[in-house]
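*Asks:* Got a sequence here, can you model it:
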Amino acid sequence: MKFIPLHSHHLKIFFTLCALFFGSFETALANPLIVAGSSTMMISLIEPTFTKLTENLHTQIQLVSIGSTSGLQMLINGQADVAALSTPLTNVTLPHPLSPPLEEHPVGVDHLVIIVHPENSVTKLTDSQLKDIYTGKIANWQEVGGANQPITIVTSHPGSGTRLVVQKEIMDHADYPKNTINTDSTVTELGLVSKLTGGIGAVSESFLKLYPDRVRPLETRKIVRPFLLITRGKMKETVWKFIQYFQKKNTLSLEVEPLFHHDRKIIVYSCFNNFHGWRLKCRS
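*Replies:* All right, here's what the predicted structure looks like:
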């Protein structure tokens, strides 16, 4: 075996490369990419891609499932790099004109479905029936061909992207009735409807595949909404790559990996009733 002698300048180059590599690695860990917003997008769009995101971005990612409008507020406050929004930006009331302005990056589409308890005999609702139910004009399932049972409206918290879409597409921006049950997330909403025989809710179609047989979807008009990633000002390279990955992928995978990953590259902050993860604010 022939050994090649290492001169001092070779060693300098070697250690310089090591310093650059490990320095950039430590910088990536110290300055993670923070994505905050819709838990619906986290579950159905972002979380299934952890492995490939790691390979493509080579940086630590923190996902904060805190709700669409709260994630947007984190972006505005400089606490997040990207906001995940499951409702059109026009549905959100901004406090004042922003400079630099917000920029929308469409990365997918989603369908909302109206769900009821599996034992509910009602199979479909018209637009007018849905509106009357969600605004409180129809208060008993018997009025739409079901059993003599009070209707219990279940929805996510104010500011949820799903809730905002329902208010626009179904309720014509009306307020929810006072006896509406507000939950901390659409996942909790689905779980509650599965326990209330008179319950009704609205969730992402992808959730039905994650929770088979727990609730039953009603036949209604298709309600489509965009999945958006929102940025503000000049984007970091990692932010641009993050958005480009989803825009090129342009498909919604419904196979969900475990929510908590800690492989020195991706850390997920989330909480969902039937998954294992760190318990923080969990909103959709």
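*Asks:* all contacts plus neighbour counts: C-alpha atoms, from now on.
*Replies:* Noted.
*Asks:* Now do the strands in the stretch 101-250 of the chain.
*Replies:* 102-116, 152-156, 181-183, 199-204, 216-217, 223-232 (DSSP state E, counting those that start in this stretch).
*Asks:* Nearest to residue 78, out of those strands?
*Replies:* strand 223-232 (9.2 Å; Cα to Cα).
*Asks:* neighbouring strands for the closest one, and are they parallel or not?
*Replies:* Sheet pairing of strand 223-232 (DSSP bridges) gives strand 82-85 (antiparallel), strand 102-116 (antiparallel).
*Asks:* Low-confidence ranges, the stretch 1-150 of the chain, go.
*Replies:* In the prediction, the stretch 1-150 of the chain carries residues with pLDDT under 70 at positions 1-30.
*Asks:* 50 instead?
*Replies:* When residues are selected by pLDDT under 50, those of the stretch 1-150 of the chain lie in 1-29.
*Asks:* which of the strands paired with strand 223-232 sits most buried?
*Replies:* Each of these was scored by mean neighbour count; the highest is strand 82-85, a mean of 31, by mean count of other Cα atoms under 10 Å.
*Asks:* Run through who's touching that one.
*Replies:* For strand 82-85, the surrounding residues in contact (Cα atoms under 8 Å, 6 or more residues apart in numbering) are 34-38, 41, 68-69, 71-72, 74-75, 161, 227-231, 239.
*Asks:* Apply 7 Å and report the result again.
*Replies:* 34-38, 41, 68, 71-72, 75, 161, 227-231 (Cα atoms under 7 Å, 6 or more residues apart in numbering).
*Asks:* mind listing what's buried in stretch 152-168?
*Replies:* Across stretch 152-168, burial judged by 16 or more other Cα atoms under 10 Å covers 152-157, 159-167.
*Asks:* want to throw the strands paired with strand 223-232 into TSV with distance to residue 49?
*Replies:* Conversion of the strands paired with strand 223-232 to TSV gives the following (distance: least, Cα to Cα, whole Å):
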stretch	distance to residue 49
strand 82-85	15
strand 102-116	13
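*Asks:* Which one of the ones you listed lies nearest to residue 198?
*Replies:* Nearest to residue 198, of the strands paired with strand 223-232 and by Cα to Cα, is strand 102-116 at 7.5 Å.
*Asks:* Can you list the neighbours in contact with the closest one?
*Replies:* 193, 199-205, 215-218, 222-232, 246-247, 250-251.
*Asks:* 6 Å instead?
*Replies:* 199-205, 215-218, 223-232, 246-247, 250 (Cα atoms under 6 Å, 6 or more residues apart in numbering).
*Asks:* cool, stretch 136-150 as well?
*Replies:* By Cα under 6 Å, 6+ apart, stretch 136-150 touches 121, 122, 132, 151, 177.
*Asks:* contacting residues for residue 216?
*Replies:* Applying Cα under 6 Å, 6+ apart, the residues contacting residue 216 are 115, 116, 118.
*Asks:* could you redo the last one with a cut-off of 10 Å?
*Replies:* 113-120, 123, 193-194, 200, 208 (Cα atoms under 10 Å, 6 or more residues apart in numbering).
*Asks:* Relative to residue 149, how far out is residue 50?
*Replies:* To residue 149, residue 50 is 44 Å away according to Cα to Cα, to the nearest Å.
*Asks:* Neighbour count for the two, which is higher?
*Replies:* residue 50 (20 against 15; other Cα atoms under 10 Å).
*Asks:* is it fair to say the more buried one lies in a helix?
*Replies:* Yes: assigned with DSSP: H, G, I helix; E, B strand; the rest coil, residue 50 falls within a helix.
*Asks:* Can you tell me how far it is from residue 249?
*Replies:* Distance from residue 50 to residue 249, by Cα to Cα: 13 Å.
*Asks:* before we move on, what about residue 114?
*Replies:* As for residue 114, its distance to residue 249 is 28 Å (criterion: Cα to Cα).
*Asks:* Over to residue 155?
*Replies:* Counting by Cα to Cα - residue 155 and residue 249 are separated by 31 Å.
*Asks:* Also residue 48?
*Replies:* 12 Å.
*Asks:* okay, now residue 236: neighbour count?
*Replies:* Under the criterion other Cα under 10 Å, the count of neighbours that residue 236 has is 11.
*Asks:* quick one: contacts for it?
*Replies:* 33, 81, 242.
*Asks:* Turn the strands of the stretch 101-250 of the chain into JSON lines, including distance to residue 144.
*Replies:* Formatted as JSON lines, those follow (distance: least, Cα to Cα, whole Å):
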{"stretch": "strand 102-116", "distance to residue 144": "13"}
{"stretch": "strand 152-156", "distance to residue 144": "14"}
{"stretch": "strand 181-183", "distance to residue 144": "21"}
{"stretch": "strand 199-204", "distance to residue 144": "13"}
{"stretch": "strand 216-217", "distance to residue 144": "16"}
{"stretch": "strand 223-232", "distance to residue 144": "20"}
